[in-house]
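[1] Next one to model:
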Amino acid sequence: MQTWVRRGSWAVALALLAVIGTASAQVRLAWSLNKGDKFYQETRTRLKQTTRVRGQETRQEAEYVTRSSFTVQERGMDGSVTLEQKIEAITPEGKTELSTSAARLLREMQGAVLTYTLSPDLRVLRIDGYDELMKRLAGDDASALKVVQTLLARETLQTAVEEAFAFLPREPMRPGHAWERRLTTSLGPIGSLTGRQQYTYEGPEDQDGKRLQAIRLELQLEYQPPRADAGILPFQVERGELRVIEGKGRLWFDSIAGRLVRSELNLKIAGALVVSVQGQQYTLELEQDQTVQIRIRDEPFPSP
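    Numbers count the residues shown, from 1 in each chain. Take a look at the predicted model:
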């Protein structure tokens, strides 16, 4: 009888160990945003683009580094957050060539402050400071206002913030577990990409003396032409097809600190658009390769 009890106890103990082992393999991925927290973000964007119209090919390369600070102003009892972003600097690098007007816009954006009200699941409910930013960039020029509102739409800012803060799953994850989010990302006046993002939790990785949680990202997006004439290009997009040749990335999250540490995303698109110029239609072939790298830390990034 005692032998059976002992064997039964061992069986229960082994079962409990299995459960505990399974639970310990799960990782909770969640931002920690408390009132007074402050952190700094550096975003490096590289863009290579080739266009062909009527046999004429144009190649462009641009690289920008944007440095911002984020401060948690309020944290509600329900988990809602008021988050302030200050654009510290936007610096062109590499082979980037700026027009006089583009250089002025970058200068005017430095020092701008935007305040986001986030829901408990960190989705954007409100953006304060947007109208002031548009006024700062365009002044009283109605035409210039239309340009900057197209290039830096309120929806674009909302998407960027939600991609940074609202992408994590609600439940604990084990390596191999995946989740999805819908995405609509603007291509400016030529349209947008819409579809889904699939995140897969890969497991812990040791980097720079820290145990970080690695996440793989894959994009499945389709092109959507602009709904109306954007009015800022010398042509109007009538229709077209752009294909996502490659859309993938990786993210590294610090589950102890509750903060994204860095991420990398590569998006390649190619295709053709039918455009009209003064009543005549042309085919615009487009190839675009964009890489976005983000780093976040507690101390300011050094000035360029």
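
[2] does Leu106 count as helix, strand or coil?
    When classified by DSSP: H, G, I helix; E, B strand; the rest coil, Leu106 comes out as helix.

[3] What is the burial count for the residue lying closest to it once chain neighbours are set aside?
    With sequence-adjacent residues excluded and distances taken as Cβ to Cβ, 6 or more residues apart in numbering, Leu106 is closest to Ile90, at 4.8 Å. C-beta: built from backbone N, CA, C; applies to glycine. Residues lying near Ile90 (other Cβ atoms under 10 Å) number 18.

[4] these two touch, right, Ile90 and Glu63?
    No. Contact criterion Cβ atoms under 8 Å: Ile90 and Glu63 do not qualify, at 11.5 Å.

[5] my guess is Thr96 contacts Gln60, does it?
    No. Assessed by Cβ under 8 Å, Thr96 is found out of contact with Gln60, at 9.2 Å.

[6] residue contacts, the residue nearest to Leu106?
    Tyr64, Val65, Thr66, Arg67, Leu106, Met109, Gln110 (Cβ atoms under 8 Å, 6 or more residues apart in numbering).

[7] Quick check, pLDDT for the first one.
    pLDDT, the model's per-residue confidence, is 90 for Tyr64.

[8] where in the stretch 151-300 of the chain is pLDDT low?
    Applying pLDDT under 70 to the stretch 151-300 of the chain flags residues 228-234.

[9] and if we set it to 90?
    Applying pLDDT under 90 to the stretch 151-300 of the chain flags the ranges 151-156, 159-160, 163-164, 183-192, 207-209, 224-240, 275-282, 284.

[10] what ranges do the helices span in it?
    154-165 (DSSP state H, counting those that start in this stretch).

[11] where do the strands sit along it?
    Secondary structure of the stretch 151-300 of the chain (DSSP state E, counting those that start in this stretch): strands at 178-186, 192-207, 210-224, 236-254, 259-277, 280-297.

[12] related to what we said a few turns ago, dump the contacts of Ile90 into CSV; add distance to Val292 as well.
    Below are the contacts of Ile90 laid out as CSV (distance: Cβ to Cβ, whole Å):
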residue, distance to Val292
Tyr64, 10
Val65, 11
Thr66, 10
Arg67, 14
Leu106, 17
Met109, 18
Gln110, 20
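
[13] Weed out the non-buried ones from these.
    Buried subset of the contacts of Ile90 (neighbour count, 16 or more other Cβ atoms under 10 Å): Tyr64, Val65, Thr66, Arg67, Leu106, Met109.

[14] JSON lines for those residues, including secondary structure?
    As requested, those are exported to JSON lines (three-state DSSP):
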{"residue": "Tyr64", "secondary structure": "strand"}
{"residue": "Val65", "secondary structure": "strand"}
{"residue": "Thr66", "secondary structure": "strand"}
{"residue": "Arg67", "secondary structure": "strand"}
{"residue": "Leu106", "secondary structure": "helix"}
{"residue": "Met109", "secondary structure": "helix"}
